[in-house]
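Novice: Have a look; sequence and predicted model below, questions after that.
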Amino acid sequence: MASSCGPFHEEALRRQRVIDRKRAALAKLAILQEEEEEKKRLNAYQAEKEKQERHARKMRELQSHLNNVRKEVAPRHTVLSSREPSPGDFSRVATHPNLVNRRREVVRPSSVMGIPATAYKDIKGKEKILRNHNLYQAHPRVLYNQRPLSHR
């Protein structure tokens, strides 16, 4: 007895095989992608590790150089006192009272080329205005000397 659903059943089996092959291919692709990502992570980790090793080696070289410089420059028996540290004596630089928390004091000159600083500033401001109008201004010293005494 022949079943009338034979060809339909064969078509369903063929479709199932196609779907199974597709799923197997997708699974294989997923595995390959995971392997590639793992290789990338491993390469990035190795590169970072090498970078850190190079940095550590460089720091060790610099430290040994500093130690050699200190040994060459610093005297053998260094006594802590209030004297200024020598150029090669790095051990006490950060704790010396003359070098800790010292504010920089900016001293502005009271005169420029023999002219009071405020007058020089005014003359230079006028020079920019004249330059913008294609005019020429003389040397600031000449202009200052030609001022009346009441304006000096």
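Specialist: Cool, the structure landed.

Novice: C-alpha from now on. contacts and neighbour counts both.
Specialist: Will do.

Novice: Just read off the phi/psi values of I115.
Specialist: Main-chain torsions, I115, degrees, to the nearest 10: phi -110, psi 140.

Novice: An error on my part: the question was meant for A138.
Specialist: phi -70, psi 180.

Novice: how near is it to K58?
Specialist: Separation of A138 from K58 (Cα to Cα, to the nearest Å): 57 Å.

Novice: Report all helices and strands that the helix or strand of the chain with the lowest mean pLDDT contacts.
Specialist: Ranked by mean pLDDT, DSSP states H and E, the weakest helix or strand in the chain is helix 140-145, scoring a mean of 72. With contacts defined as 3 or more Cα pairs under 8 Å, 6 or more residues apart in numbering; DSSP states H and E, helix 140-145 has these neighbours: helix 117-132.

Novice: Show me which of A138 and K58 is the more surrounded one.
Specialist: K58 (12 against 9; other Cα atoms under 10 Å).

Novice: show me what contacts A56?
Specialist: Residues near A56 by Cα atoms under 8 Å, 6 or more residues apart in numbering: none.

Novice: State the next helix or strand along the chain beyond the helix ranked longest in the chain.
Specialist: Scanning the chain for the helix with the most residues, using DSSP state H, yields helix 6-73. On the C-terminal side of helix 6-73, the nearest following helix or strand under DSSP states H and E is strand 111-112.

Novice: Does anything pack onto that following strand? Which helices or strands?
Specialist: Using 3+ Cα pairs under 8 Å, 6+ apart, strand 111-112 is in contact with no helix or strand.
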